[in-house]
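**Student:** Whatever this is, show me its structure:
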Amino acid sequence: MQMEGTVFTPSLAGMKHVKSESGVILTTPFLQVCKQILPVLEKFGSAMSIVKTDIGGNITRLETKYASDPTKYEQLHSMVKVEVSAKTAKSSSSCTNGLLWLTRAMDFLVALFHNLVQHPEWQMPQACSDAYSKTLKKWHSWLATSSFSVAIKLAPDRKKFMEIISGSGDINADIEKFCATFSPLLEENHKFLASVCMDDLKAS
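**Tutor:** Purely as a prediction, here's the structure:
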């Protein structure tokens, strides 16, 4: 049975609720949109399993913190403010670290989807590799970069992948909409993290 719309339909609907009326990014709706991207990664198979596990782990870390005090952590950046005050933000298990790497992984996906629309002549490994070098590579260790290079060789055939994620909708239009709507939210996370000197942490 063909899905209604494209694989991006749920996240496009979810993005309408990410900001409060006063323009603040809310924790649950933002994490929900990130979760709704995971089915797209599943279609990549083992090529994206590292990224998918990483995203899933960071979402869980932030959700757990939110659940500990939903009122206090209703706004996404409040978790970081609390950790910065407590001087625990730089810990590898902090929510600050979780939000930073979640945002970076989403940057990578936005760049990848953008490549798939903008460069119809590129095969999947090239689209992945280009997106990786523009986003995650500078923050990764040599080992992580090597693992990634091996993984993207397992990327699925581009044409088949596009057919699978298209469903009954206009996939190119949905990807463009997704990138245009999600990028400013990710940029806002980076700006906020930079304002508390937490946007340039490297992988330990």
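**Student:** Where does Gly56 fall, secondary structure wise?
**Tutor:** Here Gly56 sits within helix 49-68, counting by DSSP states H and E.
**Student:** and that helix, which residues are buried?
**Tutor:** Val51, Lys52, Asp54, Ile55, Asn58, Ile59, Arg61, Leu62, Glu63, Lys65, Tyr66 (16 or more other C-beta atoms under 10 Å). Glycine gets a C-beta too; all of them are placed from N, C-alpha and C.
**Student:** Please apply the same query to stretch 160-168.
**Tutor:** Under the neighbour-count criterion of 16+ other C-beta under 10 Å, stretch 160-168 has Phe161, Met162, Ile164, Ile165, Ser166, Gly167 buried.
**Student:** Looking at pLDDT only, which of those scores worst?
**Tutor:** Within the set of those, pLDDT is lowest for Gly167 (83).
**Student:** ok, that residue to Lys191 distance?
**Tutor:** 34 Å (C-beta to C-beta, to the nearest Å).
**Student:** Dump the buried residues of helix 49-68 to a markdown table, plus distance to Phe44 and pLDDT.
**Tutor:** Converted to a markdown table, the buried residues of helix 49-68 look like this (distance: C-beta to C-beta, whole Å; pLDDT from 0 to 100):
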| residue | distance to Phe44 | pLDDT |
| --- | --- | --- |
| Val51 | 8 | 86 |
| Lys52 | 8 | 88 |
| Asp54 | 14 | 89 |
| Ile55 | 12 | 93 |
| Asn58 | 18 | 96 |
| Ile59 | 18 | 97 |
| Arg61 | 23 | 97 |
| Leu62 | 23 | 97 |
| Glu63 | 23 | 97 |
| Lys65 | 28 | 97 |
| Tyr66 | 28 | 97 |
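**Student:** And the residues you listed, which is closest to Ser129?
**Tutor:** Ser129 has its nearest neighbour among these in Val51, at 13.4 Å by C-beta to C-beta.
**Student:** right, and the closest one touches Phe108 too?
**Tutor:** Yes. With contacts defined as C-beta atoms under 8 Å, Val51 counts as touching Phe108 at a distance of 7.1 Å.
**Student:** Now do Leu38 against Glu83, distance only.
**Tutor:** 25 Å.
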